[in-house]
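Student: Sequence and computational prediction follow.
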Amino acid sequence: MDAILDFIQLHIEMVYIVILSIFLGIEVISRVPAVLHTPLMSGANAIHGVVIIGAIIVMGKAESDNYLALVLGFLAVILGTLNVVGGFVVTDRMLEMFSKKKK
């Protein structure tokens, strides 16, 4: 517990930045109209490709006996991939709504 408190005291500026970014994100998302929410979220989900690349790098640099890093990296790859695929599926469904219907 002391190590965590020491880390927080050393990096208090980063803690403030994270807390302020949380509040800023909540305010920005709450002000987005419902009509724009789905397209923005599908685009944001596609950005999670960065998470996939980061997770692959973490898994590649992790030592073979560091199971925590390997498991977290694997979960990040799986969840990031699901998020990217879901973003593209939602975008595809939205674009189908605007296409002309075939007879």
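Tutor: The structure has been received and is ready for your questions.

Student: Find the least confident helix or strand in this protein, judged by mean pLDDT.
Tutor: Lowest by mean pLDDT, DSSP states H and E among the helices and strands of the chain is helix 34-46, with a mean of 68.

Student: Run the chain-centre distance for the very next helix or strand once past that one.
Tutor: Counting by DSSP states H and E, the next helix or strand C-terminal to helix 34-46 is helix 49-61. Centroid separation for helix 49-61 versus its chain: 13 Å, with Cα atoms, centre = their mean, to the nearest Å.

Student: same deal with stretch 18-36?
Tutor: Offset of stretch 18-36 from its chain centre (Cα atoms, centre = their mean): 15 Å.

Student: How is this protein partitioned into domains?
Tutor: The chain breaks down by automatic domain parsing into domains covering 1-31, 35-103.

Student: could those domains be laid out in JSON lines, adding mean neighbour count?
Tutor: All C-beta atoms are positioned from the backbone trio N, CA, C, and that covers glycine. Putting the domains of the chain into JSON lines (neighbours: other Cβ atoms under 10 Å) gives the following:
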{"stretch": "domain 1-31", "mean neighbour count": "10"}
{"stretch": "domain 35-103", "mean neighbour count": "13"}
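
Student: Which of those has the lowest mean pLDDT?
Tutor: Among the domains of the chain, domain 35-103 carries the lowest mean pLDDT, a mean of 81.

Student: and that one, how far out from the chain's middle?
Tutor: 8 Å.

Student: any idea how far residue 72 is from residue 78?
Tutor: Here the distance between residue 78 and residue 72 works out to 11 Å (Cβ to Cβ, to the nearest Å).
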